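[1] Quick one, fold the following:
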Amino acid sequence: MKKTILKCVSIVLAISLLATQSFTSYARTVKLNVPANVDETIFTLDENQLNSELAELNELEAFLETNQNATYADLADSHSLLISNIDESASPMGMGDQDKSGPPLGIPSFIWGCLLGVIGILLVYILTDQDKAETKKALWGCVTWTVIYVVLYVAWFATWETAN
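    Predicted coordinates:
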């Protein structure tokens, strides 16, 4: 079973690669009109500024190399200046601050179920680590869309029959 799935995935990837290559052969060159007042120096790397910004981390790294048994908790308890501007969160860009019980990607679970149907329910179930309350919201979204679809279909069919 695993070999079959891997073969299917590799075939899909190969076809998408070939399709992408064929699309790029038809692409035309686009001239960008960059305004003259754009400051291009913001796109260059200033190593001196980078080193000054990372100086605190370099000091912390040097301290941790000499004191390999030191932990963040030890430094926090001693109110060390080495970690004064460092957050204890291990997740990038504050993503760890999000509560784990919320909807996936900040999109309400009802919308997942309403727009994506059964696939949305499955995604909510997987992304929320099997949170039954969020999965139930996605299920209600799917049921709502199904009811709306059936009502519109019956109305359209009734209109079609009365017109003929």
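
[2] low pLDDT regions in this structure?
    Residues of the chain meeting the criterion pLDDT under 70: 24-26, 87-101.

[3] Point to the residue nearest the middle of it.
    L105 (6.8 Å; Cα atoms, centre = their mean).

[4] hang on, that residue packs against L127?
    Yes - between L105 and L127 a contact is recorded at 7.3 Å, counting by Cβ atoms under 8 Å. The way it works is simple: take the backbone N, C-alpha and C, and place the C-beta from them, glycine included.

[5] How about the contacts made by the residue nearest to the centre of the chain?
    L127 (Cβ atoms under 8 Å, 6 or more residues apart in numbering).

[6] And the strand or helix carrying I11, how far out from the chain middle?
    Taking DSSP states H and E as the criterion, I11 maps to helix 2-25. Here helix 2-25 is found 23 Å from its chain centre; the criterion is Cα atoms, centre = their mean, to the nearest Å.

[7] Numbering from 262 from now on, please.
    Got it, the first residue is 262 from now on, which makes the last one we talked about helix 263-286.

[8] Let me see the contact set for W401.
    The contact partners of W401, by Cβ under 8 Å, 6+ apart, come to 371, 374.

[9] what's the distance between it and N312?
    Separation of W401 from N312 (Cβ to Cβ, to the nearest Å): 54 Å.

[10] Tell me, how many residues neighbour T396?
    Number of residues near T396 (other Cβ atoms under 10 Å) recorded here: 20.

[11] so what's it up against?
    370, 382, 385-386, 389.

[12] go again using 10 Å as the cut-off
    370, 373-374, 382-387, 389 (Cβ atoms under 10 Å, 6 or more residues apart in numbering).

[13] Just the element for it, please.
    Under the criterion of DSSP H and E, T396 resides in helix 393-424.

[14] What are the buried residues along that helix?
    395-396, 398-400, 402-403, 406 (16 or more other Cβ atoms under 10 Å).

[15] Quick check: buried residues in stretch 262-270?
    So, applying 16+ other Cβ under 10 Å, stretch 262-270 has no buried residues.

[16] Give me the residues contacting that stretch.
    By Cβ under 10 Å, 6+ apart, stretch 262-270 touches no other residue.

[17] hang on, the earlier thing: can you check which residues contact both of L366 and L388?
    W373.
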